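Undergrad: A structural model of the following input is requested.
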Amino acid sequence: MFRIFQISLENYFKIKFQLEKHLRLQPSEIEALPYYELEYTIENLIEDLKKRNKENDEQQNDTLNNSAHSDSMRSINSPKIPNMGKIPSIPRGGVFKMPKY
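TA: Next up is the predicted model:
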């Protein structure tokens, strides 16, 4: 018998798992696919995952850059808290006298 293509069982099960996980395919659907369709599906999945990873990395970098920028702007534009002066202490056992202003 002549075989057109061969794949190790370990790799086949890894591929099958990824297709089930990412594409939510049933095992019977995966096993029913012709080998060439399985290969094209895997290539498309890999391309899509690389694209998503790249977009996520760019988004995280943008978020980090924006948060650093907003932190520096916040410190520049933050209002100063006025000085309230010294708060008078309450004497022990004595009568509290209000300060005159």
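Undergrad: show me which helix or strand of this structure is least confident by mean pLDDT.
TA: Least confident helix or strand of the chain, by mean pLDDT, DSSP states H and E, is helix 35-77 with a mean of 80.
Undergrad: which strands and helices sit next to that helix?
TA: helix 9-23 (3 or more C-beta pairs under 8 Å, 6 or more residues apart in numbering; DSSP states H and E). Backbone N, C-alpha and C define where each C-beta goes, glycine included.
Undergrad: name the surrounding residues that touch the helix it packs on.
TA: For helix 9-23, contacts defined as C-beta atoms under 8 Å, 6 or more residues apart in numbering pick out 7, 25, 26, 27, 30, 38, 41, 42, 45, 49.
Undergrad: tell me the mean pLDDT for it?
TA: The average pLDDT for helix 9-23 rounds to 84.
Undergrad: how about it: buried residues?
TA: By neighbour count on 16 or more other C-beta atoms under 10 Å, the buried set for helix 9-23 is 15, 19.
Undergrad: just the CA coordinates of that helix, formatted as PDB?
TA: Only the C-alpha atoms of helix 9-23 are listed here, as PDB (Å, rounded to 0.1, in the frame of the first residue of the first chain):
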ATOM      1  CA  LEU A   9       0.600  10.400  16.000                       C
ATOM      2  CA  GLU A  10       2.000  12.800  18.600                       C
ATOM      3  CA  ASN A  11       1.900  15.700  16.200                       C
ATOM      4  CA  TYR A  12      -1.600  14.700  15.000                       C
ATOM      5  CA  PHE A  13      -3.000  14.700  18.500                       C
ATOM      6  CA  LYS A  14      -1.400  18.100  19.200                       C
ATOM      7  CA  ILE A  15      -2.900  19.500  16.100                       C
ATOM      8  CA  LYS A  16      -6.200  17.900  16.800                       C
ATOM      9  CA  PHE A  17      -6.200  19.400  20.300                       C
ATOM     10  CA  GLN A  18      -5.400  22.900  19.000                       C
ATOM     11  CA  LEU A  19      -8.200  22.700  16.400                       C
ATOM     12  CA  GLU A  20     -10.700  21.600  19.100                       C
ATOM     13  CA  LYS A  21      -9.500  24.300  21.400                       C
ATOM     14  CA  HIS A  22      -9.300  27.300  19.000                       C
ATOM     15  CA  LEU A  23     -11.900  26.400  16.400                       C
END
